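Participant: need coordinates for the following:
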Amino acid sequence: AWFSVGFAAACLFACYGVLGAASVVAAAALWVLSMLLWQAVRPRPGEPPVFLRRPEKTGKRPRYVLYQLSRRSAALCLGGLVALGWSAGYDAVFRVPAKRWVGDEVGLSGEVSSYPGSTSVGGWSVSVRLDGGPAAPDVLVYGAADWGGLKPGDQVSFCARVTPSTRLYGDETTYYTARGVYLLAYCNTPPEVVPAQGVPVRYWPALCARALRAGISAAFDETAAPIAIAVTLGDKSGLDEQLYSALSRTGLMHTAAVSGLHISLLVAAALGLLGNRRSVALATVPLLLLYALMAGGTPSALRAVFMQAALLAAPVLRRKNDGPSSLGLALLILLLQNPFAAASVSLQLSFAAVAGVMLATPALSRRMLRPLWRLRRRLEGRRWGRRLWKGIAAVLSETAVCLGAMLFTVPLIALYFGRITLIS
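Facilitator: Next up, the predicted model:
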């Protein structure tokens, strides 16, 4: 977990270009000092690990504290060093070469990698994977009405004005680079299209999402269908402006995002159908991943899938499940795929909420329930009292979960949006 924290912190700083040679030297020096301290205080051969227990008496700094600090600091600094190298390599392989496509009238060709989405000005936006090998970048094309009939797998050729995705309306932005998009193209002419015979397998999640969206639209009326699609797939493009603004102002936009709740419900259904056999339920992880990709591969959905996979795999591998380690593993996987995703606000809020729940909820729940132990003894002596106590405990536990989730998310919301909505 500490390695992942250092990795994520270095990736976040690298997104804003504040890291340089001095930062690398400082991180390396701290890692060397941490390793030296760890070597000095770690258990010797044949020495019983009694010193690892926290001493009851205070006084001189015990070896327990030094040992814990040194090994966590070493993992933190090592994660930062690895992230610096990984971010630099990723930038050199993917983002820097994308600059050669920037220009006013650039001829582009590639494969459509998403279904077109309508824009607010009446056009369409579609992702195109440019020709040029595995390192060729994806470009987000904003086109006219002629771009609306494309599907994933179609080959297109067109001329467009191409700009870096790091600037939007003259301001610096990390929104697109966090999604792995490094180029924006603006095309007002129809593309030359070579239709694909069918949608390739790699784009099946988009095909399944399109079919599910069509099924929901057919099953619900025009008022409820956009809400059902938003709750099921996280697609908020169909919400009317008034509802979208209301969700944004009240801080309830997360209710229309695919997250741990959706994945947990699917896992609970799988366990119920398979007789609570985790070894068999582990086979459903590819289906969970498919659902996360259908929902757009958002950080919250992928985080939930990776954590559930670790939870299901732990007993199969005869390991004890560890929440912070699972969360750190999920974060590491996402940042290895794209280190610039560290600047994604949705990623930061998703991981901050879960980290707050893990760190603060148990202590908050104990403190809330401790003054009510006498009440519990009185209620448990009666038949109706047990049910009442379970209800009280459930309400207090959910309150502790909410407060824990707010521990780190509220500062981030205040930082990025400049306001805090208490009703959420």
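Participant: quick check: mean pLDDT across the lengthiest helix in the chain?
Facilitator: Identified as the longest helix of the chain according to DSSP state H is helix 383-417. Averaging pLDDT along helix 383-417 yields 84.
Participant: what does stretch 217-236 give?
Facilitator: 88.
Participant: any idea how far apart the tips of that stretch sit?
Facilitator: Terminal residues of stretch 217-236 are spaced 14 Å apart (CA to CA, to the nearest Å).
Participant: and that stretch, what's buried?
Facilitator: By neighbour count on 16 or more other CB atoms under 10 Å, the buried set for stretch 217-236 is 217, 225, 226, 227, 229, 230, 231, 232, 233, 234, 235, 236. Where C-beta positions appear, they are placed from N, C-alpha and C, glycine not excepted.
Participant: where does the prediction get shaky in the stretch 151-300 of the chain?
Facilitator: Within the stretch 151-300 of the chain, the ranges that satisfy pLDDT under 70 run 276-281.
Participant: could you pull out the helices for it?
Facilitator: Assigned by DSSP state H, counting those that start in this stretch, the helices in the stretch 151-300 of the chain fall at 204-219, 224-233, 241-250, 260-273, 278-281, 285-294, 299-316.
Participant: okay if I get those as a markdown table plus distance to residue 44?
Facilitator: Putting these into a markdown table (distance: least, CB to CB, whole Å) gives the following:
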| stretch | distance to residue 44 |
| --- | --- |
| helix 204-219 | 53 |
| helix 224-233 | 57 |
| helix 241-250 | 59 |
| helix 260-273 | 43 |
| helix 278-281 | 39 |
| helix 285-294 | 42 |
| helix 299-316 | 32 |
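Participant: nearest to residue 76, of those?
Facilitator: When the helices of the stretch 151-300 of the chain are compared by CB to CB, helix 299-316 sits nearest residue 76, at 20.6 Å.
Participant: now tell me what touches stretch 119-132 from outside.
Facilitator: Identification of contacts with stretch 119-132 by CB atoms under 8 Å, 6 or more residues apart in numbering yields 101, 108-118, 136-145, 147-148, 150, 156, 181, 185.
Participant: which parts of that stretch are buried?
Facilitator: By neighbour count on 16+ other CB under 10 Å, the buried set for stretch 119-132 is 123, 124, 125, 126, 127, 128, 129, 130.
Participant: residue 297: which of those residues is nearest?
Facilitator: Nearest to residue 297 among the buried residues of stretch 119-132, counting by CB to CB, is residue 127 at 12.0 Å.
Participant: show me what the closest one bridges to in the sheet.
Facilitator: Per DSSP bridges, the residues bridged to residue 127 are residue 140.
Participant: distance of it from residue 150?
Facilitator: Noted for residue 127: a distance of 10 Å to residue 150, by CB to CB, to the nearest Å.
Participant: could you do residue 332 as well?
Facilitator: For residue 332, the distance to residue 150 (CB to CB) stands at 35 Å.
Participant: one step back: dump the buried residues of stretch 119-132 to a markdown table, plus pLDDT and distance to residue 45.
Facilitator: Rendered in a markdown table, the data for the buried residues of stretch 119-132 read as follows (pLDDT from 0 to 100; distance: CB to CB, whole Å):
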| residue | pLDDT | distance to residue 45 |
| --- | --- | --- |
| 123 | 87 | 70 |
| 124 | 91 | 68 |
| 125 | 91 | 63 |
| 126 | 93 | 63 |
| 127 | 93 | 57 |
| 128 | 92 | 60 |
| 129 | 92 | 55 |
| 130 | 90 | 58 |
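Participant: switch those over to JSON lines; also include distance to residue 193.
Facilitator: Listed next are these as JSON lines, based on distance: CB to CB, whole Å:
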{"residue": "123", "distance to residue 193": "17"}
{"residue": "124", "distance to residue 193": "13"}
{"residue": "125", "distance to residue 193": "17"}
{"residue": "126", "distance to residue 193": "11"}
{"residue": "127", "distance to residue 193": "15"}
{"residue": "128", "distance to residue 193": "11"}
{"residue": "129", "distance to residue 193": "15"}
{"residue": "130", "distance to residue 193": "16"}
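Participant: between the residues you listed, which is nearest residue 202?
Facilitator: Residue 202 has its nearest neighbour among those in residue 129, at 10.0 Å by CB to CB.
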